[in-house]
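[1] no sequence for this one, just the structure:
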């Protein structure tokens with residue numbers, strides 16, 4: 001719990017945590033009830049790995065701050081019946097742009113397709129994000145906000161493998177840009 005509290009500082013980083021890190025890139029993962037926990041956890045883990053490598057001087061001095069967001073904030077249940085705590089998208093209403101915005105799928109997506117507050121937020125957040133990727137039903141929300149559907153056809157595990165190779169300094173065998181590699 002101590003590690004978590006160090007990084008939760010109204011969206012900012014304490015200077016004593018990683019004083020040599022000069023760039024902080026914000027990553028947002030928007031969640032809904034029934035979201036796929038393995039996919040979301042692997043996204044967060046890739047950015048945590050990049051942070052660890054940066055801290056050890058083995059990687060670029062970029063730090064990634066991952067935020068779990070939901071329409072109303074609070075507790076969201078995964079498809080594995082694991083609960084996570086999220087911030088409301090309204091907390092990030094006037095935030096700077098995200099390096100990457102991931103819109104997760106899940107059973108709860110369909111019930112939010114008519115949530116004007118969420119759709120309005122997505123209409124603001126998507127164009128201000130450098131990279132937007134949807135997971136499963138998350139594409140429905142991206143379309144409801146008026147943006148084209150994600151075109152990635154590769155399997156999630158393949159993308160994670162590519163990112164791991166990149167973090168280790170190796171070149172992935174497939175030259176197609178994965179969402180995770182692009183976000184890094």
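    Received the coordinates, thanks. Predicted model, so just to flag it, every value in this text is computed and none were measured. Numbers count the residues shown, from 1 in each chain.

[2] list the contacts for the nearest residue in space to residue 125 that is not next to it in sequence?
    Distances taken as CB to CB, 6 or more residues apart in numbering put residue 101 closest to residue 125, at 5.9 Å, once the chain neighbours are dropped. The C-beta positions use only the backbone N, C-alpha and C, and glycine is treated the same way. With contacts taken as CB atoms under 8 Å, 6 or more residues apart in numbering, residue 101 has the following neighbours: 27, 28, 30, 125, 126, 129, 131, 132, 133.

[3] rerun at 6 Å
    Residues counted as contacts of residue 101 (CB atoms under 6 Å, 6 or more residues apart in numbering) are 28, 125, 129, 132.

[4] Looks to me like it is in a strand.
    Yes. Counting by DSSP: H, G, I helix; E, B strand; the rest coil, residue 101 is part of a strand.

[5] Quick check: beta-bridge partners of it?
    residue 28, residue 132 (DSSP bridges).

[6] now it: how far from residue 62?
    For residue 101, the distance to residue 62 equals 17 Å [CB to CB, to the nearest Å].

[7] Please apply the same query to residue 127.
    Distance, residue 127 to residue 62, using CB to CB: 23 Å.

[8] These two: which has the busier surroundings?
    residue 62 (15 against 12; other CB atoms under 10 Å).

[9] nearest residue to that one other than its sequence neighbours?
    residue 23 (4.6 Å).

[10] Quick check, the one you found in contact with residue 54.
    No. Using CB atoms under 6 Å, residue 23 is not in contact with residue 54, being 9.4 Å away.

[11] Show me which of the two is the more surrounded one.
    More crowded of residue 23 and residue 54, by other CB under 10 Å: residue 54, with 19 against 11.

[12] Need the mean per-residue confidence for whichever strand or helix holds the more buried one.
    Using DSSP states H and E, residue 54 falls within helix 37-55. Averaged across helix 37-55, the pLDDT comes to 91.
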